[in-house]
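*Asks:* Provided below are the primary sequence and the corresponding predicted coordinates.
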Amino acid sequence: MDTQQIKQMFIQKFSESTVEPRVFHAPGRVNLIGEHIDYNGGYVLPAALEFGTTLVVREREDGILRFASSNLPEEAEIKVDEIGLNKTGEWTDYPVGVMVELAQRGYPISKGYDLFYHGEIPNGAGLSSSASIEVVTGYGLLSMGGYDRDTVQIALLSQAAENNFVGVNCGIMDQFAVANGKKDHAILLMCDTLEYEHVPFQTGSYKLVIGNTNKRRGLVDSKYNERREQCTTALEQLKTRKSDLNYLAELTPSQFEEFKSVLTDKTVQNRAQHVIEENARVLASVQALTANDLQEFGRLMNLSHDSLRDLYEVSCEELDIMVEEARKIPGTLGARMTGAGFGGCTVSLVHEDDVERFVKEVGDNYQARTGLQGEFYVCGVGEGVEELGTN
């Protein structure tokens with residue numbers, strides 16, 4: 001849907017005015033490689049997607065904020081001096097939480113606005129629809145107020161909104177990739193320091209195909225905590241051989257081979273091995289993409305999934321089946337689970353000539369083997385948050 005169509009929906013909802021609305025867009029995101037290593041001092045390699053959330057916003061004179069969406073029926077209307085007083089449990093908590101954080105940082109919302117959101121990110125697909133809403137709200141309101149728009153700070157305040165107001169203890173990767181994405185580039189990000197660089201991702205005749213398993217992720221929280229504890233155990237034991245070690249991902253694979261004998265529990269050893277080798281794969285992926293070697297990048301994607309399945313054990317039957325079926329398609333360079341695991345999505349790099357076959361055959365075979373119907377989203381790598389033209 002183009003900008004004019006979305007603006008027309010805004011006018012139908014909020015009526016005509018002599019004040020011209022402004023239009024902003026923030027993408028969804030996918031993590032290309034680097035899973036379960038952010039909390040172990042490792043790098044992640046996310047990318048912004050071509051589809052996301054569009055916000056149309058227009059100033060009001062009466063100090064009222066009105067929220068509406070083309071995707072969800074819930075709407076809200078609050079006064080400027082009531083921002084943050086009440087949580088509703090609905091999607092509107094995301095933009096309200098951002099307004100709370102803006103005020104705390106010295107950018108209070110002092111005027112009323114009509115805000116209309118049009119989302120193209122499938123809900124529950126693990127492609128960061130909430131981060132997209134948060135970031136586009138922060139960027140849009142700072143723009144409307146005439147303030148500077150520091151996209152790193154917008155990512156941080158968006159994460160804080162989700163942590164503090166919405167009540168979801170998310171990390172920084174989603175908001176950071178949404179705010180700082182760049183067309184035809186991935187982002188090499190160290191989550192704890194926010195050190196980052198844009199890495200060329202020229203997919204050429206290849207497309208990203210994101211596959212949603214539609215498997216409910218019921219184990220994520222408990223297993224996530226268990227994996228973190230196992231990594232902490234590995235770190236403490238490895239410190240007996242390398243006292244200045246702060247994070248597992250600081251070790252190279254060759255150092256791990258030298259020191260791993262101190263990890264007497266095989267499961268703990270496997271967890272550490274995944275972390276250290278996955279971080280090395282991220283760095284190798286940067287080299288491959290910089291050299292425009294998509295074949296090598298696809299190979300590293302495959303190794304990543306196999307490690308998440310066998311060593312870190314956060315995959316599941318449904319993810320493994322979707323990856324297996326994806327790899328059977330001749331034009332697939334690589335396929336892996338993406339995200340926390342135990343359900344959710346896969347990401348594959350597929351030649352454009354094989355995308356139609358991929359969607360049909362992987363979808364049919366996945367459904368035949370699991371009884372679940374997968375969903376597939378074909379896209380390229382897009383821009384981070386931006387203001388769209390009025391044409």
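*Replies:* Happy to help now that I have it. Note that the coordinates shown come from a computational prediction; the quantities given were computed from them, not determined experimentally. Numbers count the residues shown, from 1 in each chain.
*Asks:* what residues of the lowest-mean-pLDDT helix or strand in the chain count as buried?
*Replies:* When each helix and strand of the chain is scored by mean pLDDT, DSSP states H and E, helix 220-238 comes last, with a mean of 91. Using 16 or more other Cβ atoms under 10 Å as the test for burial, helix 220-238 gives 223, 224, 227, 230, 231, 233, 234, 235, 237, 238. Every C-beta, even on glycine, is put in place using the N, C-alpha and C of the backbone.
*Asks:* wait, what's in contact with the fourth one?
*Replies:* Residue 230 makes contact with 267, 268, 271 under the criterion Cβ atoms under 8 Å, 6 or more residues apart in numbering.
*Asks:* okay, buried residues for the biggest helix by length in the chain please.
*Replies:* As assigned by DSSP state H, the longest helix anywhere in the chain is helix 266-290. For helix 266-290, the neighbour count (16+ other Cβ under 10 Å) marks 268-286, 288-289 as buried.
*Asks:* list the contacts for residue 228?
*Replies:* residue 39.
*Asks:* any idea how far it is from residue 314?
*Replies:* Distance, residue 228 to residue 314, by Cβ to Cβ, to the nearest Å: 12 Å.
*Asks:* what do you get for residue 140?
*Replies:* Distance from residue 140 to residue 314, by Cβ to Cβ: 35 Å.
*Asks:* neighbour count winner among those two?
*Replies:* residue 140 (25 against 22; other Cβ atoms under 10 Å).
*Asks:* so that one sits against residue 53, correct?
*Replies:* No - at 10.4 Å, residue 140 and residue 53 do not qualify as touching, with contact defined as Cβ atoms under 8 Å.
*Asks:* just give me the neighbour total for residue 169.
*Replies:* Residues lying near residue 169 (other Cβ under 10 Å) number 10.
*Asks:* any idea how far the nearest residue to it once chain neighbours are set aside is from residue 97?
*Replies:* Leaving aside its chain neighbours, residue 169 sits nearest to residue 163 (5.9 Å; criterion: Cβ to Cβ, 6 or more residues apart in numbering). Residue 163 is 9 Å from residue 97, where distance means Cβ to Cβ.
*Asks:* who's more crowded, the two?
*Replies:* residue 97 (28 against 16).
*Asks:* now the host helix or strand of that one, how far from the chain's geometric center?
*Replies:* For residue 97, the host element (DSSP states H and E) is helix 93-104. Taking Cα atoms, centre = their mean, to the nearest Å, the mean C-alpha location of helix 93-104 is offset from the chain mean by 20 Å.
*Asks:* check stretch 337-352 too.
*Replies:* That offset, for stretch 337-352, works out to 12 Å (Cα atoms, centre = their mean).
*Asks:* can you classify the residue nearest to residue 169 by secondary structure?
*Replies:* Taking DSSP: H, G, I helix; E, B strand; the rest coil as the rule, one finds residue 163 in the helix state.
*Asks:* all helices of the protein, in order?
*Replies:* Under DSSP H, the chain gives helices at 3-14, 93-104, 129-144, 151-161, 173-180, 220-238, 253-259, 266-290, 294-310, 317-327, 355-370.
*Asks:* and the helix holding residue 97, what's buried?
*Replies:* 93, 94, 95, 96, 97, 98, 99, 100, 101, 102.
*Asks:* how about stretch 150-161?
*Replies:* 151, 154, 155, 156, 157, 158, 159, 160, 161.
*Asks:* check stretch 247-263 too.
*Replies:* Buried residues in stretch 247-263, counted by 16+ other Cβ under 10 Å: 247, 248, 249, 250, 251, 256, 259, 260, 263.
*Asks:* near the closest residue to the first one other than its chain neighbours, how many other residues are there?
*Replies:* By that I understand residue 247. The shortest distance from residue 247 to any non-neighbouring residue, by Cβ to Cβ, 6+ apart, is to residue 41 (2.5 Å). The number of residues packed near residue 41 is 20, by other Cβ under 10 Å.
*Asks:* ok, now residue 141?
*Replies:* 24.
*Asks:* ok, now how distant is it from residue 99?
*Replies:* 7 Å.
*Asks:* contact partners for residue 224?
*Replies:* residue 340.
*Asks:* return the distance of it relative to residue 126.
*Replies:* For residue 224, the distance to residue 126 - Cβ to Cβ - is 14 Å.
*Asks:* was I right to think residue 377 contacts residue 207?
*Replies:* No - the pair residue 377 / residue 207 is not scored as a contact, 10.1 Å apart, by Cβ under 8 Å.
*Asks:* so which of those two has more stuff around it?
*Replies:* Each of residue 377 and residue 207 has its neighbours counted (other Cβ under 10 Å); residue 377 has more, 22 against 18.
*Asks:* now do the same end-to-end measure for stretch 245-259.
*Replies:* End-to-end distance for stretch 245-259: 12 Å, by Cα to Cα, to the nearest Å.
*Asks:* off-centre distance for that stretch?
*Replies:* That offset, for stretch 245-259, works out to 27 Å (Cα atoms, centre = their mean).
*Asks:* follow-up on the earlier one: which of the buried residues of stretch 247-263 sits closest to residue 82?
*Replies:* Closest approach between these and residue 82, by Cβ to Cβ: residue 247, at 43.1 Å.
*Asks:* now the closest one: how far from residue 279?
*Replies:* Distance from residue 247 to residue 279, by Cβ to Cβ: 9 Å.
*Asks:* overlap of the contact sets of these two?
*Replies:* 40, 41, 42.
*Asks:* per-residue pLDDT, the second one?
*Replies:* If I follow you right, that is residue 41. The confidence metric pLDDT takes the value 95 at residue 41.
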